[in-house]
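Student: I would like the atomic coordinates for the input below:
(chains A, B, C and D)
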Number of protein chains: 2
Amino acid sequence: MNTIPKTSRKQIRVVIAEDQGMVLGALAALLEIEGDITVVARAKNGKEALRAVLAHKPDVFITDIEMPEMTGLDVAVELKRQHKDTRVIILTTFARAGYLRRALDAGASGYLLKDMRAEELAEAVRRVQQGLRVIDPELATEAWGDPDPLTDRERQVLRLAGDGVTSLDIANDLGLSEGTVRNYLSEAISKLGAANRTEAARIARTKGWL
Amino acid sequence: MNTIPKTSRKQIRVVIAEDQGMVLGALAALLEIEGDITVVARAKNGKEALRAVLAHKPDVFITDIEMPEMTGLDVAVELKRQHKDTRVIILTTFARAGYLRRALDAGASGYLLKDMRAEELAEAVRRVQQGLRVIDPELATEAWGDPDPLTDRERQVLRLAGDGVTSLDIANDLGLSEGTVRNYLSEAISKLGAANRTEAARIARTKGWL
DNA sequence: CCGCCTGTGTGACATTTGTCACGACCAGCG
DNA sequence: CGCTGGTCGTGACAAATGTCACACAGGCGG
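Tutor: Numbers count the residues shown, from 1 in each chain, chains lettered A, B, ... in the order given. Below you'll find the predicted structure:
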């Protein structure tokens, strides 16, 4: 435990976005007890988060990826587009190369996994606030392995197929012919080294390509 | 914020199990600041959790469901089997009727969702410690809807099929004939009102039957 | 003991899926 | 300008999948 008061230096102001209320509240509690960090706003979805960041202009913005309304990554992209200088930390369950890549493209300063030790979060916030980058080490190495080999159409088709939608229905949905859909799926299956559409979808999902 | 010290009455001793370190630490922090609750041990998987509960005999045991080694539900079942009187609260992401049913069968006193407000967790702990039950209201109503229609074999086969394993491979895995596997899948598909194995698996998963 | 359900199996058949080869169109790029 | 890659399509064929009817064993409740 740390008994040295950290309140003496200037406070780090953060906004947190996370759709699971329990986790949101708990993370806020965790950061607040550090003393040198103040949670100025909380958001339960992407749009709320974006508004909160624009309104409060915090030093650091911590966000989950998978949220209603708007993805954490989408929010990061929007902040970058508006040239806001709030630093962004992505905090997620998923150790997926595709997510990390997209996070970095969106100008995120940190990418942490929820299964890290809780104490590291506060430390990461401090590092990021000083302009450093914090990437989960496990991910950092593995990440630059394989880029997404799928084209947009392939991804789109595979996503539906992975939910059990039939080739014909996919064709109708997207305004294509059934043969074309089968061609895309065949391509995707071969690119991913899968045996069928279901396995292909599973693989793509775990890589963060879907 | 609550400024009234709750430490005057006797402390409630809890053990928490949750595989995501960040969430585990954050929940512990959240409960500790309540004052009347002490986290006596933390576990990152089911087996650790079981050992911790047996060793510390806490008043309340809070656990996630999906964890390595052993499911939170499995731990609850084992505690019931050993006639331990620690009360169990299941805290999970999934609002699935099947999970709730199994949790209650396992003698759990609480079933809460991670997207509830964080403040409610401490309150739930107090209620449960007093012998009350705490079930997420949304779930409580919806729960007694539909019982799992699948037989063990159907479930087993569907699980594999949902991961993209081929009928023939499933047959070899389970020591069945391919035709039999196809029969089970056909049955499962019709029971679930799905159009194919993939959709059937998806449906079963969202219902908590897989 | 008689049904009834589950688990297991077969065979036949229709449909869906996966593969291949091929062609057309268009955009971007050297 | 010609090449390349992505998109979209057709047709044909092989393999996997889904459906049905039927059969036989074992267990369990009436």
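Student: from here on, contacts and neighbour counts on C-alpha atoms
Tutor: Noted.
Student: how many neighbours does residue A:191 have?
Tutor: By other CA atoms under 10 Å in any protein chain shown, 13 other residues sit near residue A:191.
Student: got phi/psi on the closest residue to it other than its chain neighbours?
Tutor: Nearest in space to residue A:191, with sequence neighbours left out and distances taken as CA to CA, 6 or more residues apart in numbering or on different chains, is residue A:149 at 7.0 Å. Note on residue A:149: backbone dihedrals following degrees, to the nearest 10 are phi -90, psi 0.
Student: how about the residues of chain A by chain B?
Tutor: Contact residues, chain A versus chain B (CA under 8 Å from any CA of the partner chain): A:19-27, A:29-30, A:114-119, A:121, A:162-166, A:195-200, A:202.
Student: is the residue nearest to residue A:191 in contact with residue A:190, as I believe?
Tutor: No: if you go by CA atoms under 8 Å, residue A:149 and residue A:190 don't touch, sitting 10.7 Å apart.
Student: residue A:153 and residue A:178, how far apart?
Tutor: Separation of residue A:153 from residue A:178 (CA to CA, to the nearest Å): 14 Å.
Student: typo on my end, it should be residue A:123
Tutor: For residue A:123, the distance to residue A:178 - CA to CA - is 53 Å.
Student: count of neighbours near residue A:48?
Tutor: As a burial measure, residue A:48 scores 16 neighbours (other CA under 10 Å).
Student: where does it sit: helix, strand or coil?
Tutor: helix (DSSP: H, G, I helix; E, B strand; the rest coil).
Student: which residues touch the longest helix anywhere in chain A?
Tutor: When chain A is parsed with DSSP state H, its longest helix is helix A:178-192. For helix A:178-192, the surrounding residues in contact (CA atoms under 8 Å, 6 or more residues apart in numbering or on different chains) are A:149-150, A:153-155, A:157-158, A:167-168, A:170-171, A:195-197, A:200, A:203-204.
Student: can you list the buried residues in it?
Tutor: Buried residues in helix A:178-192, defined by neighbour count with 16 or more other CA atoms under 10 Å in any protein chain shown: A:181-182, A:184-186, A:188-189, A:192.
Student: next SSE downstream of it?
Tutor: helix A:197-207 (DSSP states H and E).
Student: quick check: mean pLDDT across that following helix?
Tutor: Mean pLDDT, computed over helix A:197-207, is 92.
Student: quickly check: that helix near DNA strand C or not.
Tutor: Yes: using CA under 7 Å from any atom of the strand, helix A:197-207 reaches DNA strand C at A:197-198.
Student: tell me which helix or strand the residue most central in space within chain A sits in.
Tutor: The C-alpha lying nearest the average C-alpha coordinate of chain A belongs to residue A:65 (CA atoms, centre = their mean; 3.2 Å). If you go by DSSP H and E, residue A:65 is not part of any helix or strand.
Student: quick one, grab the pLDDT at it.
Tutor: 92.
Student: got the phi and psi for it?
Tutor: Torsion angles, degrees, to the nearest 10, at residue A:65: phi -90, psi -60.
Student: one more: residue A:40?
Tutor: Dihedral angles for residue A:40 - degrees, to the nearest 10 - are phi -90, psi -20.
Student: how close does the residue of chain A most remote from its centre sit to DNA strand C?
Tutor: Distance to the chain centre peaks in chain A at residue A:179, reaching 34.5 Å (criterion: CA atoms, centre = their mean). Look at residue A:179 and DNA strand C: by CA to the nearest atom of the strand, to the nearest Å, they are 6 Å apart.
Student: residue A:153 now?
Tutor: From residue A:153 over to DNA strand C the distance is 14 Å, taken as CA to the nearest atom of the strand.
Student: burial of that residue, as a residue count?
Tutor: 14.
Student: what's it in contact with, if anything?
Tutor: Neighbour list for residue A:153: residue A:184 [criterion: CA under 8 Å, 6+ apart].
Student: so how far is chain B from it?
Tutor: According to CA to the nearest CA, to the nearest Å, residue A:153 stands 20 Å off from chain B.
Student: that residue: which element?
Tutor: Applying DSSP H and E, one finds residue A:153 within helix A:152-162.
Student: cool, residue A:39 as well?
Tutor: Element membership for residue A:39, per DSSP H and E: strand A:37-43.
Student: centre of the chain to that strand, how far?
Tutor: 19 Å (CA atoms, centre = their mean, to the nearest Å).
Student: cool, and stretch A:168-185?
Tutor: A distance of 30 Å separates the centroid of the chain from that of stretch A:168-185, by CA atoms, centre = their mean.
Student: picking that back up, count the residues that sit near the residue nearest to residue A:191.
Tutor: If we define neighbours as other CA under 10 Å, then residue A:149 has 13 of them.
Student: who in chain A is up against DNA strand D?
Tutor: Counting by CA under 7 Å from any atom of the strand, chain A sits next to DNA strand D at A:151-154, A:175-180, A:183, A:196.
Student: pick out the most distant pair among these.
Tutor: A:175 and A:196 (22.9 Å; CA to CA).
Student: next, count neighbours for residue A:162.
Tutor: Neighbour count for residue A:162, taken as other CA under 10 Å: 24.
Student: that one reaches residue A:202, doesn't it?
Tutor: Yes: at 7.4 Å, residue A:162 counts as touching residue A:202 under the criterion of CA under 8 Å.
Student: quick one, helices of chain A?
Tutor: A:21-32, A:46-56, A:72-81, A:97-105, A:119-129, A:137-143, A:152-162, A:167-174, A:178-192, A:197-207.
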